[in-house]
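K.L.:
Here is my input; please provide its structure:
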Amino acid sequence: MIADKLKEEIVLNAKTYYEEVHKTALNAPFIPGKSRIKYAGRVFDEKEILNLIDASLAFWLTSGDYAEQFEKTFAEFLGVKYSLLVNSGSSANFLAFAALTSYKLGEKRINKGDEIITVAAGFPTTIAPIIQYGAEPVFVDITLPAYNIDCDQLESALSDKTRALMVAHTLGNPFDIKTVKNFCDKYNLWLIEDNCDALGSRYLDNGEWRFTGTAGHLGTSSFYPPHHITMGEGGAVYTDSVDLGIIIQSLRDWGRDCRCSSGHDNTCKKRFKQQLGELPFGYDHKYVYSHFGYNLKATEMQAAIGCAQLEKLPDFIKARKKNWKLLRDGLAGLSDRFILPEATAGTDPSWFGFMLTLREDAGFTRDEIVNHLEDRGIQTRMLFAGNIVRHPCFDEMRRTGKGYRIVGDLRNTDSVTENAFWIGVYPGIGDAMIDFMAEEIRAFCGNRKG
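P.N.:
Numbering: from 1, shown residues only. Here you go, the predicted structure:
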């Protein structure tokens, strides 16, 4: 057939294009001090491009076969019942929290004015859904060198309004899941794990390794290019709960009651045979809405890239662990200058980055070392928002003293905001780059009095 021949030609040309353009750039020799060492980025080969072309030629533009394949494979990898693909990690966080406000949860639903325990040191989209739904974040501090929630403050954060914890695993390092989970179980609280920076991280649960994102009621992932796998934009919400899975799908798919996949009708065999709300009997179930929802689906082309990336995920995880360990070993002698990162006990992190916090007597400022590293081609990043409460988005709430609560003084959070930065460990960083980063940091410290 002419279509098959044309497709063969397209595939051949795409492979050639990858080899000549992308692979050449990816395999460019590393020149210390001149080549840019990014903190994160895409790692791919011709498979992602071919999947993308296949999806584009089929021209099924919304979620379809690739999306279903991704959801199934991703759920199997994590060991959960349900994985729902969405258009971003931020949307995943939004949907996870929104699901807990559903009327279908009865007395367990989160209402306006309820309190959600979280941390101020992190990415703003862990916090935004709480505020947007009229609930109130209760901020506790983090611990160093884990950079995760200080579990010693949980009891102090508790009130009769507390309904949930929504917390991220910082830079891939799992928080103390056992303590957090026991606390949630004790007080019958929801637990949302923001797993966007920790895909592939594991923790010990009664002697068995389990993936982060699966310990709580809901987990979320982001597939933005810097993350462990990418599809450009994209994210996922996952759960073992049938009820929560149904609610999330409804909210993601315009709020509709119908669960038919795109392009399918009457899967339930009751499309025109139900009485719902105050609608006429038999009103088309595809246009019955049980929630005030949105369209937050990913496209088929995004999912096609994601399917190829999932095949590489185990190797990506290994590379991140290797790079982090090489950096940790290479900087081990600088514990007098930096608080060096450490994995939480009983965990096996799939690291997102390598965190460094300057000690008070380091002999230099964060700006000085960050500017030096950037000048040498080493990309750096802050711990996202640092203390989110100090940002302009909180100006009005700070002025009125309403809408949130702080437990203690957030001392470590402020220290990270003022003295910490991180560098990359993603799979695109080779051994020579790791050595160069460690050498530059050691050399910089050697030229400064501690």
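K.L.:
Could you give the separation between the terminal residues of stretch 275-290?
P.N.:
Stretch 275-290 stretches 13 Å from its first residue to its last (C-alpha to C-alpha, to the nearest Å).
K.L.:
Please renumber the chain so that the first residue is 301 from this point on.
P.N.:
Sounds good: first residue 301 from here, last item stretch 575-590.
K.L.:
For it, what does the pLDDT average out to?
P.N.:
Mean pLDDT, stretch 575-590: 91.
K.L.:
before we move on, what about stretch 395-414?
P.N.:
With pLDDT averaged residue by residue, stretch 395-414 scores 98.
K.L.:
what's in contact with it?
P.N.:
In this structure, residues lying in contact with stretch 395-414 by C-beta atoms under 8 Å, 6 or more residues apart in numbering are 384, 386, 416, 429-430, 433-436, 461-464, 466, 488, 490, 492, 517-520, 537, 543-544, 547-548, 551-552, 590-591, 596. The way it works is simple: take the backbone N, C-alpha and C, and place the C-beta from them, glycine included.
K.L.:
Any quick ChimeraX command for the buried ones out of those?
P.N.:
Buried residues within the contacts of stretch 395-414, by 16 or more other C-beta atoms under 10 Å, are selected in ChimeraX with:
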select :384,386,416,429,430,433,435,436,462,463,464,466,490,492,517,518,519,520,537,544,547,548,551,552,590,591,596
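K.L.:
Going along the chain, name the helices of the stretch 651-750 of the chain.
P.N.:
For the stretch 651-750 of the chain, the helices defined by DSSP state H, counting those that start in this stretch cover 666-675, 695-700, 711-719, 731-746.
K.L.:
same check, this time on the chain
P.N.:
Using DSSP state H, the helices found in the chain span residues 302-317, 323-326, 346-358, 365-378, 389-399, 428-432, 454-457, 477-486, 542-552, 600-630, 666-675, 695-700, 711-719, 731-746.
K.L.:
Please name the bridge partners of residue 503.
P.N.:
When bridges are called by DSSP bridges, residue 503 pairs up with residue 510, residue 647.
K.L.:
Enumerate every residue touching residue 601.
P.N.:
Contacts of residue 601 (C-beta under 8 Å, 6+ apart): 352, 355-356, 361, 366.
K.L.:
thinking again about what came up before, of the helices of the stretch 651-750 of the chain, which is nearest residue 309?
P.N.:
Closest approach to residue 309 among the helices of the stretch 651-750 of the chain is made by helix 731-746 (37.6 Å; C-beta to C-beta).
K.L.:
looking at the helices of the stretch 651-750 of the chain, which is closest to residue 626?
P.N.:
Smallest distance to residue 626 across those (C-beta to C-beta): 4.6 Å, for helix 731-746.
K.L.:
And that closest one, what's buried?
P.N.:
For helix 731-746, by 16+ other C-beta under 10 Å, it's 733-734, 736-738, 740-741, 744-745.
K.L.:
residues in contact with it?
P.N.:
Outside helix 731-746, the residues touching it (C-beta under 8 Å, 6+ apart) are 330, 332-333, 335, 337, 623, 626-627, 630-631, 633-634, 637, 656, 662-664, 669, 672-673, 676, 678, 723.
K.L.:
Just the buried ones from those?
P.N.:
The buried subset of those - by 16+ other C-beta under 10 Å - is 330, 337, 623, 626-627, 630-631, 634, 637, 656, 662, 664, 669, 672-673, 676, 678, 723.
K.L.:
What's the separation between the closest residue to residue 570 other than its chain neighbours and residue 564?
P.N.:
Spatially, and ignoring its direct neighbours in sequence, residue 570 is nearest to residue 585 (6.7 Å; C-beta to C-beta, 6 or more residues apart in numbering). Distance of residue 585 to residue 564, given as C-beta to C-beta, to the nearest Å: 12 Å.
K.L.:
Between all of the contacts of residue 601, which two are separated the most?
P.N.:
The largest separation in those, counting by C-beta to C-beta, is between 352 and 361 at 12.7 Å.
K.L.:
the more surrounded of the two?
P.N.:
Comparing residue 352 with residue 361 by other C-beta atoms under 10 Å, the one with more neighbours is residue 352, at 21 against 12.
K.L.:
and the more buried one, what does it touch?
P.N.:
Contacts of residue 352 (C-beta under 8 Å, 6+ apart): 601, 604-605.
K.L.:
Residue 665 now?
P.N.:
Here residue 665 is in contact with residue 658 (C-beta under 8 Å, 6+ apart).
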